[in-house]
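S.K.: Here is a sequence together with a model predicted from it:
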Amino acid sequence: MPETAVAILNWNGAELLRRFLPSVLQHSREARVYVIDNASTDSSVEVLKNEFPEVVIIQNDGNYGYAGGYNQGLKSIPEEYVVLLNSDVEVNENWLQPLVKRLNDQPELGALQPKILDLKRPEYFEYAGAAGGWLDNLGYPFCRGRIFDELEKDQGQYNEYQELFWATGACMMVRQSAYSQAGGLDESLFAHMEEIDLCWRMHLRGFKVACEPASVVYHLGGGTLNKISPQKTYLNFRNSLIILFLNLPQWEAFTKILQRLVLDGVAGIKFLLEGKVSHLWAIIRAHFAFYSRFNALARKKMGQPVQKMKDLPGVYPQSIVKSFYLGGKKKFTEL
């Protein structure tokens, strides 16, 4: 059976390590636990050395963000199965075994996530990944258990194994060979939506992505970047346009980006009416950042596999924006 690792990316998270590492170490005895440190300036490394000597520390020489941090760290991790785990996730007994078993049983699986519940309200799904990620036909992400900011109560409605479009970077087990074939995480994205892009590139290379609900973890959320920060708005909107362009056939990409220009404008107006001018400006900056990189992205896309969105798993064939705001469909089960 392939060996398993749990890899936690850290940047100035000493207190999060103190709070959450004990549960990971207690309930992951069949795995080697690594902390990849993105050149923290707090006491993180000292805390690890003094309080958690069983953890293997990988020290990056700079803050490479989520994508670059993991790409650098995984070079030093030999295990074939690696859980990319946020530093603010609490795990419990038997969280790891169902993930390992599923990867063993299904060699075509490239990435797999557990069911993710909210640590503060454990009866509810958590924003970052819930019971697995989907995209609508224009590339807007949502989850089983969470559409936009509407979180469902976990009543067992997503307790069946299901293939997805994307698995959350908050807790995602990857097969290193699939990770490598897909090219790893795209470091130019820096943070946000890079796990969607990775899963998309896995699909394009014949791998599958899924949720294993027999495994459950609890995510604090907001530990690194506030859920409603303008910087997150900027990264999400910019990165969404980038991954649409890179992974879709040219004509389909242009068509969807034109439609996104309109809908993203509507989102900007909504922010303006709510008095969130900084978020409106974040959307504008995101679009200009994408257009300014167009030639570089076109070169990057050359020779890469692409596929029509309708042929991929985990794609909602309609607009989630329309279904949610005009159709009143607030739950995944209503779609």
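M.R.: Looks like it arrived, so ask away.

S.K.: how does this protein divide up, domain by domain?
M.R.: 4-219, 230-334 (automatic domain parsing).

S.K.: Now do the end-to-end distance for the longest one.
M.R.: Spelled out, that is domain 4-219. 21 Å (C-alpha to C-alpha, to the nearest Å).

S.K.: close enough to count as contact, S23 and N92?
M.R.: Yes: proximity of S23 to N92 meets the contact threshold set by C-beta atoms under 8 Å, at 7.1 Å. Every residue, glycine included, has its C-beta placed from N, CA and C.

S.K.: TSV for the domains of the chain, including mean neighbour count?
M.R.: Putting the domains of the chain into TSV (neighbours: other C-beta atoms under 10 Å) gives the following:
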stretch	mean neighbour count
domain 4-219	20
domain 230-334	16
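
S.K.: Turn these into JSON lines, columns for mean pLDDT.
M.R.: Listed next are the domains of the chain as JSON lines, based on pLDDT from 0 to 100:
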{"stretch": "domain 4-219", "mean pLDDT": "96"}
{"stretch": "domain 230-334", "mean pLDDT": "95"}
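
S.K.: Just list whatever residues bridge to the residue nearest to M309 when sequence neighbours are not counted.
M.R.: Excluding the flanking residues, the one nearest M309 by C-beta to C-beta, 6 or more residues apart in numbering is V315, at 5.5 Å. Beta-bridge pairing of V315 under DSSP bridges involves L135.

S.K.: Now do V315 against H27, distance only.
M.R.: Using C-beta to C-beta, to the nearest Å, we find V315 at a distance of 34 Å from H27.

S.K.: what's the answer for E54, then?
M.R.: 14 Å.

S.K.: Also I243?
M.R.: Where H27 is concerned, I243 sits at a distance of 33 Å (C-beta to C-beta).

S.K.: Equivalent analysis for N295, please.
M.R.: On the measure of C-beta to C-beta, N295 and H27 end up 48 Å apart.

S.K.: same question, F125
M.R.: Where H27 is concerned, F125 sits at a distance of 21 Å (C-beta to C-beta).

S.K.: go on, R293?
M.R.: In terms of C-beta to C-beta, R293 sits 42 Å off from H27.

S.K.: now C199
M.R.: Where H27 is concerned, C199 sits at a distance of 25 Å (C-beta to C-beta).

S.K.: Check I147 too.
M.R.: Relative to H27, and taking C-beta to C-beta, I147 is found at 31 Å.

S.K.: L272 now?
M.R.: 46 Å.

S.K.: cool, and D88?
M.R.: Counting by C-beta to C-beta, the gap from D88 to H27 is 16 Å.

S.K.: how near is E195 to M309?
M.R.: 18 Å.
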